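**Q** How does the following fold in three dimensions:
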Amino acid sequence: MSNLTGFTTRPRTVHDAESPRHVDPHPETTFLVLDGADPTDRFQWALAWERAGQRDIFAHPDYVWSVAQPDEQPMCALMSFPDGTEIYYAFIVRPITHDAAGNPLDEELHDLYTPLVYGGPLAADACPGQVDEFWAAMHGWAREHRIVSEIIRFTPVERHRLPYPGTMREQAPHIVIDLDGFSEDDAIAALHKSVRRRYRKGLAEGMSVRVVRDESGIEDFLPIHDETMERRDAHEKFRVSEDHLRMIHRAVPGQVAYVFADQHGVPLSAEMIVFRDDSSYAYIAGTRTDALQGNATTVAAVGAILVSREGGSREHNLAGGITNTVDDSLLRFKRGFTRDGDRAYFTGEQIFLPESYERLCAPAQEQREDCTFFPFYRSSSRRADGHAVPGEGTD
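**A** Numbering: from 1, shown residues only. Have a look, this model is predicted:
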């Protein structure tokens with residue numbers, strides 16, 4: 001992993017940062033950006049993550065480091081206020097190598113993104129004025145370091161999102177199952193009739209739900225995941241390795257559960273849950289090819305919902321579909337596990353250097369009019385290979 005020299009800052013007052021709006025910060029408020037490649041900074045990042053209190057795996061330094069590409073830099077902005085409030089923002093900085101027409105650049109520019117699945121600043125009790133101060137400082141740092149734009153994938157759980165000064169672009173919905181105050185019977189009753197029927201039929205056929213909460217679950221889970229990814233011809237960046245899974249266990253011990261649908265002692269389908277404070281994510285799921293025509297997928301998914309409820313989740317997040325469309329086949333499948341589960345899913349877009357952004361986009365201006373892909377100057381790589389990959393952008 002290369003080290004993008006000069007990107008980090010030492011603690012400083014935010015009077016040093018330029019702002020897109022008027023901000024009058026307290027003189028003792030400090031803003032710094034930590035470099036995941038520096039051991040000291042990474043240790044401070046881990047401590048700040050602990051203090052953030054939400055135990056969000058997608059903002060943990062080890063997770064961000066693991067998904068960054070070799071030419072990218074995992075980083076974390078941290079603003080501390082005199083009243084003890086902290087705003088914490090993990091992201092990845094990447095070089096911009098080509099303009100929108102695919103022409104190589106002769107200047108050094110960068111942009112930033114939040115890794116899959118969700119990202120954005122975290123804070124327990126930040127007031128609107130403190131959020132404004134944070135973004136003022138962030139703008140100043142980005143301009144100072146020639147960072148053109150950012151793209152954030154926000155969680156559909158509204159209470160986990162801070163106010164955002166950029167463009168909030170609504171994408172196809174994600175599915176969130178409300179479990180707050182639900183009993184097991186309530187969760188089963190919320191299933192669509194056809195899903196409830198498949199779940200009960202699977203149990204009647206001898207399937208059972210098995211839960212493994214430690215790293216030993218990887219042994220049964222990974223072959224199912226690998227077979228599923230191979231069958232779907234998934235992009236390599238969406239496949240996980242044993243090392244990646246073990247890293248998650250180390251980063252958030254006790255917050256991972258593998259839920260298997262077994263039959264006659266053989267695991268047919270599996271879902272990996274990752275907890276965040278009082279929420280949970282259906283992180284990865286898969287089913288053996290020879291079990292697709294049965295009910296194993298449904299049994300594992302319903303089992304995961306019940307495990308999340310038992311673990312204290314107020315909501316269980318199933319995320320979205322494969323494509324960014326409201327009629328996506330995977331999205332339709334996920335809708336069967338709850339009623340009224342559609343939640344607004346937003347990406348956040350900001351341009352820190354407008355002149356540089358326009359200069360990068362200009363060579364492909366004729367394709368720009370009807371394109372919602374952001375940042376547009378990266379759309380040439382998308383057009384070239386047809387893949388949407390982590391960090392590439394979004395439309």
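
**Q** if you go through the protein in chain order, where are the strands?
**A** 12-13, 30-35, 73-80, 86-98, 104-113, 147-153, 167-178, 207-212, 256-263, 266-276, 279-287, 315-319, 342-351 (DSSP state E).

**Q** If you average pLDDT over each of those strands, which is lowest?
**A** If you rank the strands of the chain by mean pLDDT, strand 12-13 sits at the bottom with a mean of 51.

**Q** coming back round to it: with mean neighbour count as added columns, please give the strands of the chain in JSON lines.
**A** In this view, the C-beta of every residue, glycine as well, is placed from N, C-alpha and C. Listed next are the strands of the chain as JSON lines, based on neighbours: other CB atoms under 10 Å:
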{"stretch": "strand 12-13", "mean neighbour count": "14"}
{"stretch": "strand 30-35", "mean neighbour count": "22"}
{"stretch": "strand 73-80", "mean neighbour count": "24"}
{"stretch": "strand 86-98", "mean neighbour count": "22"}
{"stretch": "strand 104-113", "mean neighbour count": "16"}
{"stretch": "strand 147-153", "mean neighbour count": "24"}
{"stretch": "strand 167-178", "mean neighbour count": "18"}
{"stretch": "strand 207-212", "mean neighbour count": "18"}
{"stretch": "strand 256-263", "mean neighbour count": "24"}
{"stretch": "strand 266-276", "mean neighbour count": "24"}
{"stretch": "strand 279-287", "mean neighbour count": "23"}
{"stretch": "strand 315-319", "mean neighbour count": "25"}
{"stretch": "strand 342-351", "mean neighbour count": "19"}
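
**Q** Now render these as a markdown table, adding distance to residue 187.
**A** Shown next, in a markdown table, are the strands of the chain (distance: least, CB to CB, whole Å):
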| stretch | distance to residue 187 |
| --- | --- |
| strand 12-13 | 49 |
| strand 30-35 | 40 |
| strand 73-80 | 36 |
| strand 86-98 | 32 |
| strand 104-113 | 35 |
| strand 147-153 | 27 |
| strand 167-178 | 8 |
| strand 207-212 | 13 |
| strand 256-263 | 14 |
| strand 266-276 | 14 |
| strand 279-287 | 13 |
| strand 315-319 | 9 |
| strand 342-351 | 17 |
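
**Q** just for this protein, where's the confidence low?
**A** Where the chain drops to pLDDT under 70, the residues are 1-27, 381-395.

**Q** Compare the strands of the chain and give me the one nearest residue 42.
**A** The closest of the strands of the chain to residue 42 is strand 30-35. By CB to CB, the value is 7.2 Å.

**Q** ok and the closest one relative to strand 86-98, angle-wise?
**A** 50 degrees (axes from the mean of the first three to the mean of the last three CA atoms, to 10 degrees).

**Q** ok, back up a step: which of the strands of the chain sits closest to residue 302?
**A** strand 207-212 (8.0 Å).

**Q** what angle sits between that closest one and strand 266-276?
**A** Using the same axes, to 10 degrees: strand 207-212 against strand 266-276 is 50 degrees.

**Q** Can you tell me which of the strands of the chain is nearest to residue 301?
**A** Of those, nearest to residue 301 by CB to CB is strand 266-276, at 5.9 Å.
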